[in-house]
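Asker: My questions are about this predicted structure, shown below with the sequence.
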There are 2 protein chains.
Amino acid sequence: MRAAFYISDGTAITSEVFGHALLSLFPIQFEHDTISFVETKEKALEACKRINKAAKRTGVPPLVFHTFVNPDIREIIDGCDGVIYNFLEHFIAPLEEKLGIKAKPKAHRTHSIHENSYDCRIDAVNYSLANDDGSNVTNYEHADVILVGVSRSGKTPTALYLALQYGIKAANYPFTDDDMDELQIPSFLKMHKKKIFGLTIDAERLVDIRHGRMANTKYSSARQCRMEVREVEKLYKQEKIPFLNTTKLSVEEITAKILSETGLQRYKY
Amino acid sequence: MRAAFYISDGTAITSEVFGHALLSLFPIQFEHDTISFVETKEKALEACKRINKAAKRTGVPPLVFHTFVNPDIREIIDGCDGVIYNFLEHFIAPLEEKLGIKAKPKAHRTHSIHENSYDCRIDAVNYSLANDDGSNVTNYEHADVILVGVSRSGKTPTALYLALQYGIKAANYPFTDDDMDELQIPSFLKMHKKKIFGLTIDAERLVDIRHGRMANTKYSSARQCRMEVREVEKLYKQEKIPFLNTTKLSVEEITAKILSETGLQRYKY
């Protein structure tokens, strides 16, 4: 199996995202390895050794995705036995020309604590955790968005992703069996109705997920799941709450669709 | 202010990450806008309108970062009044040549529920939430890693990031004031000692963070913070627990360093 390396002087997240996006276009399996914080010549030489070892072991040159701008380190990495794909480099000169200004590379500036949005992202994570699953219904005035839906429709992972990645304070409130007799928006949510975003899910998929947690219970029964989904969707339509079916969507996709539909402002790009 | 657009037929996360990595090299402020799920020609035409509007409003051509492989849509986007940076395109031909195989672009294959690792990431998020802050000390046999540290040293956001991004089941356990008299590793942790990773933080920074939550308490006092940090660091050294000072690190950086030091296997790249 061919090896793929993701390397940078910081977290190497950019290299990982980009390398992964590219390699996913090819129906081949790769061995993945990330080497982060390659900040010195010594570490660059060590990284080269690791790459060269993989080249020997696999018998083919590893693919090396990196984002080095520092010429000293870049030169060392570029000298390894891998095939080099340097994402940033190719675009810097055209951007400099277009912007009429020279790039000022600082070591791992992205994904660091020095980004303006950093504290706000941590605050958002704390907010979303403290307001998970209806645990604090008096606190919604500080929410950027309040996700609602039945149990296991995707609220919690989505709220955490919104907070961690984009600094958005996302509370979430579950509709439970007890609410179903005469389902309505609770008064403490009604006053924040503009912030509410509904999630729904196909009943069959909901049965599967709930079954994995509590098999053979009323909670995971097809009848209960169908009823809950039907009731919340009726409520969303009646109250004109924007909503989304999460059945075939990843957390990243749910998040992207919520951001796009609500126009919520990201605190981080 | 010049506008920057991030566009794709999926979440546009790849475009965002890469555009952001590039633009952060320039000491200029940009207006950011993401257009996700541009899956049809109609949506591509709408996206062009939005870009062209920004061009008129700002008086300069927007920068457009996109990852379209589908030629029909790409052509439409490439015809807008912005400056186009297509990250994938440039690297596909060289990769095809190197791998000896044609790329098979599928619409938004990355960041979708179809990635193998998806269910495992959601399981990991549920695990990390259920095992946050020492809430379930009987469940550590399923952990991939157990983060320990004093309150507010970065355990929870890091555990969630490990889970959400990499599918790693990260529990976390706090050392509290009550533990400090004779600080040791509790028996329920001792049996999983190899999974333990310690976090620490400079006492001054800890005072700041705790002060923001509970001002003028013993919990946030300089004396208490200094004592707690001193005690846990002593424990880490005594017990040979690998540890990391998080004071100047982002969640992404803490995560990258933990992955690198422990060699923990990522379930997603």
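Answerer: Ah, there it is. Numbers count the residues shown, from 1 in each chain, chains lettered A, B, ... in the order given.
Asker: switch to C-alpha atoms for all contacts and neighbour counts from now on
Answerer: OK.
Asker: Three-state assignment for A:P174, please.
Answerer: At A:P174 the chain is in strand, as set by DSSP: H, G, I helix; E, B strand; the rest coil.
Asker: Let's see the pLDDT reported for it.
Answerer: In this model, A:P174 is scored at 96, pLDDT.
Asker: What of A:T138?
Answerer: As predicted, A:T138 sits at a pLDDT of 86.
Asker: Can I take it that it is in a strand?
Answerer: No. Applying three-state DSSP, one finds A:T138 to be coil, outside a strand.
Asker: if I pick it, what's in contact with it?
Answerer: A:F188 (Cα atoms under 8 Å, 6 or more residues apart in numbering or on different chains).
Asker: Let me know whether A:D81 touches A:P62 as I believe.
Answerer: Yes. Judged on Cα atoms under 8 Å, A:D81 makes contact with A:P62 at a distance of 7.4 Å.
Asker: show me the contacts for the closest residue to chain B within the stretch 51-200 of chain A.
Answerer: Going by Cα to the nearest Cα, chain B is nearest to A:I113 of the stretch 51-200 of chain A, at 4.5 Å. Residues in contact with A:I113 (Cα under 8 Å, 6+ apart) are A:119, B:248-250.
Asker: What residues does the stretch 1-150 of chain A have near chain B?
Answerer: Within the stretch 1-150 of chain A, the residues that sit near chain B (Cα under 8 Å from any Cα of the partner chain) are A:10-12, A:14, A:16-18, A:20-22, A:24-27, A:32, A:34-36, A:85, A:87-88, A:91-92, A:101-106, A:109-113, A:118, A:122, A:125.
Asker: returning to what we had before: I only care about the contacts of A:I113 that end up buried; give me the PyMOL line for that.
Answerer: Written as a PyMOL command, the selection of buried residues from those, which uses 16 or more other Cα atoms under 10 Å in any protein chain shown, is:
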select buried, chain B and resi 249+250
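Asker: Which ones among the contacts of A:I113 lie within helices?
Answerer: Residues of these located in helices (DSSP state H): A:D119.
Asker: Find the closest residue to chain B in the stretch 151-269 of chain A.
Answerer: Scanning the stretch 151-269 of chain A for the residue nearest chain B gives A:S250, at 4.5 Å (criterion: Cα to the nearest Cα).
Asker: How about that residue: what's its closest non-neighbour residue?
Answerer: B:I113 (4.5 Å; Cα to Cα, 6 or more residues apart in numbering or on different chains).
Asker: same question, A:R74
Answerer: In space, and not counting its chain neighbours, A:R74 is closest to A:F68: 5.5 Å by Cα to Cα, 6+ apart.
Asker: Make sure that neighbour is indeed in a strand.
Answerer: No. Under three-state DSSP, A:F68 sits outside any strand and is assigned coil.
Asker: List the residues that contact A:T11.
Answerer: A:T11 neighbours (Cα under 8 Å, 6+ apart): A:36-37, A:108, A:111, B:252-253, B:256-257.
Asker: Let's see that with 7 Å instead.
Answerer: Counting by Cα atoms under 7 Å, 6 or more residues apart in numbering or on different chains, A:T11 makes contact with A:36-37, B:252-253, B:256.
Asker: Can you get me a residue count around the residue nearest to A:I84 when sequence neighbours are not counted?
Answerer: Excluding the flanking residues, the one nearest A:I84 by Cα to Cα, 6+ apart is A:V64, at 4.9 Å. Counted with other Cα atoms under 10 Å in any protein chain shown, residues neighbouring A:V64 total 24.
Asker: Tell me the helix or strand right after whichever strand or helix holds A:V64.
Answerer: Using DSSP states H and E, A:V64 falls within strand A:63-66. Next along the chain after strand A:63-66, taking DSSP H and E as the criterion, comes helix A:71-78.
Asker: Report the strands that pair with the helix or strand just after that next one, each with its relative direction.
Answerer: Per DSSP H and E, helix A:71-78 leads on to strand A:83-86 as the next helix or strand towards the C-terminus. Strand A:83-86 has the following strand partners under DSSP bridges: strand A:63-66 (parallel).
Asker: picking that back up, contacting residues around the strand holding A:V64?
Answerer: By Cα under 7 Å, 6+ apart, the residues outside strand A:63-66 that reach it are A:3-8, A:15, A:19, A:82-87.
Asker: Show me the strands in the stretch 51-200 of chain A, by range?
Answerer: Using DSSP state E, counting those that start in this stretch, the strands found in the stretch 51-200 of chain A span residues A:63-66, A:83-86, A:145-150, A:170-175, A:196-200.
Asker: Summarise which helices and strands the last one is packed against.
Answerer: Counting contacts by 3 or more Cα pairs under 7 Å, 6 or more residues apart in numbering or on different chains; DSSP states H and E, strand A:196-200 packs against strand A:145-150, strand A:243-245.
Asker: by how many degrees do it and strand A:170-175 diverge?
Answerer: In terms of direction (axes from the mean of the first three to the mean of the last three Cα atoms, to 10 degrees), strand A:196-200 departs from strand A:170-175 by 60 degrees.
Asker: Pairing partners for strand A:196-200, with directions?
Answerer: Sheet pairing for strand A:196-200, assigned by DSSP bridges, gives strand A:145-150 (parallel), strand A:243-245 (parallel).
Asker: Touching the first one from outside, list them.
Answerer: For strand A:145-150, the surrounding residues in contact (Cα under 7 Å, 6+ apart) are A:155, A:169-176, A:195-200, A:228.
Asker: circling back to that earlier point, would you tell me which one of the helices and strands packed on strand A:196-200 is buried the most?
Answerer: strand A:145-150 (a mean of 25; mean count of other Cα atoms under 10 Å in any protein chain shown).
Asker: Report the distance from that one to the chain centre.
Answerer: Put simply, strand A:145-150 sits 18 Å off its chain's centre (Cα atoms, centre = their mean, to the nearest Å).
Asker: For that strand, C-alpha coordinates in CSV please.
Answerer: Taking C-alpha atoms only, strand A:145-150 is exported to CSV below (Å, rounded to 0.1, in the frame of the first residue of the first chain):
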residue,chain,number,x,y,z
VAL,A,145,-29.2,29.1,17.4
ILE,A,146,-31.4,26.6,19.3
LEU,A,147,-31.6,23.2,17.6
VAL,A,148,-34.8,21.2,18.4
GLY,A,149,-35.8,17.7,17.5
VAL,A,150,-36.6,14.3,18.9
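Asker: quick check: mean pLDDT across that strand?
Answerer: Strand A:145-150 comes out with an average pLDDT of 98.
Asker: One more: stretch A:119-126?
Answerer: Mean pLDDT, stretch A:119-126: 92.
Asker: Likewise for stretch A:189-201?
Answerer: Stretch A:189-201 carries an average pLDDT of 97.
Asker: pLDDT score assigned to A:T110?
Answerer: Reported pLDDT for A:T110: 72.
Asker: Please apply the same query to the one 3 residues further on.
Answerer: Per-residue confidence at A:I113 stands at 75 (pLDDT).
Asker: Now do it against B:E253, distance only.
Answerer: Separation of A:I113 from B:E253 (Cα to Cα, to the nearest Å): 8 Å.
Asker: What of A:F26?
Answerer: Distance of A:F26 to B:E253, computed by Cα to Cα: 29 Å.
Asker: who has more neighbours, those two?
Answerer: Between A:F26 and B:E253, counted using other Cα under 10 Å, the more crowded position is B:E253 (23 against 19).
Asker: so whatever helix or strand the more buried one lives in versus strand B:196-200, what angle?
Answerer: B:E253 is part of helix B:251-262 when elements are defined by DSSP H and E. If you take the same axes, to 10 degrees, helix B:251-262 sits at 140 degrees to strand B:196-200.
Asker: close to chain A, is helix B:251-262?
Answerer: Yes. Helix B:251-262 lies within reach of chain A by Cα under 7 Å from any Cα of the partner chain, at B:252-253, B:256.
Asker: Which residues does that helix contact?
Answerer: The contact list for helix B:251-262 (Cα under 7 Å, 6+ apart) reads A:11, A:36, A:111-112, B:157-158, B:162, B:246.
Asker: With that, I have no additional questions.
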